[in-house]
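Participant: Model the structure of this input:
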Amino acid sequence: MADTREESHHRAESEGGPDGDGGPGGGLPTAGGLPTLAQVLEFPSLRAGRPQVAAGSVGLTAPVRWVHVSELPTIAPMLRGGELILTTGIALPSGDASLARFIDDLADVGAAGVVVGLGPRFHDGVPQEMQAAAERRGLPLVILLRTTRFVEITEDVHRRILENRIEELQASERIHQTFNELAVEGAGPGDVLRQAARMSGLPAVLENLSHQVLAFNTAGLPAQDVLHQWEARSRSVQAATRTAYDQHSGWLVSTVGARGEDWGRLVLMSVPGVSPRLTMLIERAASTLALGRLVARDQETLALHTHRTLLSGLLSPQQTSAEIALEARAIGVPLDGRRLLPMVLRTRETLPDNAFDRQSVLRTTAQVATDAVRELGLLALVGPVEETVIGVLVSLGPREDPTATVERLAARVHQGGSENRYITAVGDCVSSVSEVRRALLSTLQVADAATRLPDRRLYYRLPDLRLRGLLQLLRDDARLQTFAERELRPLLVYDEKHGTSLVPLLRAYLESGRNKTAAAEAAHVSRAWMYESLTRIGRILDVDLDSEDVCVSLEVALMALDAIRD
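Facilitator: Coordinates of the predicted model:
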């Protein structure tokens with residue numbers, strides 16, 4: 001998140017937001033850089049005429065696109081909307097109904113208002129019927145109590161409109177240039193939000209789709225004021241379009257995402273009214289955030305693919321060590337003349353059946369390992385080595401302690417992936433690329449065996465596994481497979497044929513130290529059922545389950561079966 005202690009400094013640099021006068025309120029022009037009629041009435045040329053709003057004051061916020069001087073009663077068809085009409089009324093019809101129709105016609109085409117100079121036609125004020133029509137239609141009807149040159153008004157207003165449009169173009173250019181530079185520089189969310197807050201003078205908040213804050217910049221306000229009950233407030237602001245303004249909350253929100261994958265919302269708070277400039281700013285900021293995440297993800301995906309290829313080469317006997325070392329050095333991970341520490345990371349979670357979801361789990365595991373390596377400043381290859389296993393080959397310098405490195409890296413993995421979510425296995429540190437294959441394969445076997453251990457360690461090495469580790473190393477040996485089959489085959493066949501679960505009951509009995517009561521509790525069956533089942537197991541296997549030698553042999557056979565099935 002952005003450091004809120006910097007907010008006042010950045011706000012001071014902003015020159016008052018994108019409009020140069022203190023943010024999006026403060027007398028700013030409206031859509032397209034156009035001044036409102038209320039602002040136009042404050043211009044010196046109009047103030048000199050002592051303007052007085054006779055009716056239709058609700059329309060004073062309308063933007064003034066241009067000024068026309070006309071005495072024609074049929075000027076309406078020649079207008080496009082947004083024009084301010086200056087007239088003395090000398091040629092207007094005399095009937096009340098005709099004067100009301102004149103006002104209605106201007107309102108129909110969207111005129112910004114009518115300014116009537118008192119004098120030749122109207123001496124003390126405009127007719128009541130005109131005022132009533134203007135009030136009814138919400139069209140501002142302004143009278144000038146003092147004689148004023150219309151040409152000075154038109155020159156003044158037109159100059160301001162053109163100046164505002166030039167400012168609008170310049171502001172647009174600044175916005176585009178600023179966020180283009182941020183995108184090219186690969187700026188993070190904190191930098192993007194800092195610029196959005198600086199250029200708007202408003203608090204900026206980035207949230208995910210669950211309305212949790214990812215980053216924020218308060219624009220100098222207390223963080224508590226900005227973030228108080230954020231989730232509840234954010235959920236109440238619904239947007240029907242990608243960028244929308246919520247008048248009730250004063251929030252301008254824009255969806256953040258790319259390639260059809262939306263992942264968050266950018267919010268500008270305390271917006272008094274939507275304007276094209278603020279809309280452009282928030283959309284450019286949202287695009288920069290989306291592009292930054294997309295580029296970062298693509299870079300990580302490319303790096304992951306490159307590291308996967310090198311690790312696969314290390315496990316394959318077809319590729320030479322020299323070729324792999326050369327390619328690894330080219331991507332910044334030297335292997336020659338270094339001590340190489342193999343590690344693997346796998347999730348403890350039950351993997352989904354869907355291949356896409358399994359890949360998602362793999363990417364998450366890879367990200368945890370990559371983040372840990374990066375934060376500790378290690379040189380390492382990180383990538384998938386099996387469908388659900390991430391391999392890490394750490395390249396250690398002469399002064400780096402392997403044991404300390406393992407401790408720090410394993411601790412960081414568990415911190416980033418939540419405690420006990422991952423199994424971390426560590427192999428022997430080797431001194432040449434040619435030895436990595438053996439060490440890495442051994443580490444994979446340690447990770448496989450560790451999945452069945454009841455204890456939860458920070459990391460596992462082969463000696464930690466004891467008998468299970470030995471069986472894991474020997475799982476491809478035909479003699480071990482023959483032993484497991486000879487010891488357990490009758491019981492496996494019986495379970496398969498009759499749909500029973502005697503093998504798990506035998507496992508529970510052996511793991512509980514041949515305590516039948518404890519075994520029944522562990523297997524969630526009655527003691528009577530456990531007694532009866534053990535009698536049946538002994539009969540099927542033709543063994544005495546009270547014999548210690550028999551039980552040791554069967555327990556080793558079950559461990560071997562686990563290793564073989566892994």
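Participant: okay, CA-based contacts and neighbour counts for the rest of this
Facilitator: Will do.
Participant: neighbours around residue 202, how many?
Facilitator: Residue 202: 24 surrounding residues under other Cα atoms under 10 Å.
Participant: mind checking how far the closest residue in space to it that isn't next to it in sequence is from residue 252?
Facilitator: Residue nearest to residue 202 in three dimensions, not counting chain neighbours: residue 219, with 5.7 Å by Cα to Cα, 6 or more residues apart in numbering. Going from residue 219 to residue 252 by Cα to Cα, to the nearest Å gives 15 Å.
Participant: Neighbour count for those two, which is higher?
Facilitator: residue 219 (29 against 25).
Participant: do you know how far that one is from residue 280?
Facilitator: For residue 219 relative to residue 280 (Cα to Cα), the value is 19 Å.
Participant: same check, this time on residue 59
Facilitator: Taking Cα to Cα, one finds residue 59 at 26 Å from residue 280.
Participant: I'd guessed residue 183 sits against residue 291; true?
Facilitator: Yes - with contact defined as Cα atoms under 8 Å, residue 183 counts as touching residue 291 (7.1 Å).
Participant: so how far is stretch 198-212 off the chain centroid?
Facilitator: 12 Å (Cα atoms, centre = their mean, to the nearest Å).
Participant: what's the answer for stretch 305-322, then?
Facilitator: 34 Å.
Participant: try stretch 388-401
Facilitator: With Cα atoms, centre = their mean, you get 30 Å for stretch 388-401.
Participant: Then stretch 34-51?
Facilitator: 46 Å.
Participant: Just the endpoints, please. Distance across it?
Facilitator: Across stretch 34-51, first to last residue, Cα to Cα, it's 20 Å.
Participant: mean confidence for it?
Facilitator: Averaging pLDDT along stretch 34-51 gives 87.
Participant: what comes up buried for it?
Facilitator: Buried residues in stretch 34-51, counting neighbours by 16 or more other Cα atoms under 10 Å, are found at 34-41, 45-51.
Participant: So, low pLDDT: which residues of the stretch 351-500 of the chain?
Facilitator: 351-357, 416-420, 452, 454, 469, 473 (pLDDT under 70).
Participant: go on, the stretch 151-300 of the chain?
Facilitator: For the stretch 151-300 of the chain (pLDDT under 70), the answer is 259, 295-300.
Participant: ok, back up a step: wouldn't the residue nearest to residue 202 be in contact with residue 196 here?
Facilitator: No - Residue 219 is beyond contact range of residue 196, at 9.3 Å (criterion: Cα under 8 Å).
Participant: what do those two both touch?
Facilitator: 202, 204 (Cα atoms under 8 Å, 6 or more residues apart in numbering).
Participant: Start and end of stretch 518-532, how far apart?
Facilitator: Termini of stretch 518-532 sit 15 Å apart (Cα to Cα).
Participant: Relative to the whole chain's centre, how far out is that stretch?
Facilitator: Centre to centre, stretch against its chain (Cα atoms, centre = their mean), the figure for stretch 518-532 is 50 Å.
Participant: Go through that stretch and flag the buried ones.
Facilitator: 518-520, 523, 527, 530.
Participant: mind putting those residues in TSV, distance to residue 214, secondary structure and pLDDT included?
Facilitator: Below are the buried residues of stretch 518-532 laid out as TSV (distance: Cα to Cα, whole Å; DSSP: H, G, I helix; E, B strand; the rest coil; pLDDT from 0 to 100):
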residue	distance to residue 214	secondary structure	pLDDT
518	49	helix	91
519	49	helix	89
520	49	helix	90
523	45	helix	89
527	54	helix	90
530	54	helix	91
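Participant: what does the domain assignment say about the chain?
Facilitator: For the chain, automatic domain parsing gives the domain ranges 49-147, 186-295, 316-465, 478-565.
Participant: Tell me which of those sits nearest to residue 169.
Facilitator: domain 186-295 (9.5 Å; Cα to Cα).
Participant: correct me, but residue 349 touches residue 451?
Facilitator: No - look at residue 349 against residue 451 with Cα under 8 Å: they stay out of range, at 10.1 Å.
Participant: if you count what's nearby, which of these two comes out ahead?
Facilitator: residue 451 (16 against 10).
Participant: Any figure for the gap between that one and residue 385?
Facilitator: 17 Å.
Participant: where exactly do the strands run in the stretch 101-250 of the chain?
Facilitator: 113-117, 141-144, 204-208, 213-217, 243-246 (DSSP state E, counting those that start in this stretch).
Participant: out of these, nearest to residue 264?
Facilitator: strand 204-208 (4.0 Å).
Participant: which helices and strands sit right next to the closest one?
Facilitator: Where contact means 3 or more Cα pairs under 8 Å, 6 or more residues apart in numbering; DSSP states H and E, strand 204-208 is packed against helix 189-200, strand 213-217, strand 261-268.
Participant: Turn those into a markdown table, columns for mean neighbour count and distance to residue 500.
Facilitator: Below are those laid out as a markdown table (neighbours: other Cα atoms under 10 Å; distance: least, Cα to Cα, whole Å):
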| stretch | mean neighbour count | distance to residue 500 |
| --- | --- | --- |
| helix 189-200 | 26 | 57 |
| strand 213-217 | 23 | 52 |
| strand 261-268 | 20 | 48 |
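Participant: Please convert the ones you listed to CSV, extending it with distance to residue 495.
Facilitator: Formatted as CSV, these follow (distance: least, Cα to Cα, whole Å):
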stretch, distance to residue 495
helix 189-200, 58
strand 213-217, 53
strand 261-268, 48
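Participant: right, and those - which one's nearest residue 106?
Facilitator: helix 189-200 (35.6 Å).
Participant: Can you name every helix or strand that that closest one contacts?
Facilitator: Right, helix 189-200 is packed against helix 7-13, helix 150-185, strand 204-208, strand 213-217, helix 276-315 by 3+ Cα pairs under 8 Å, 6+ apart.
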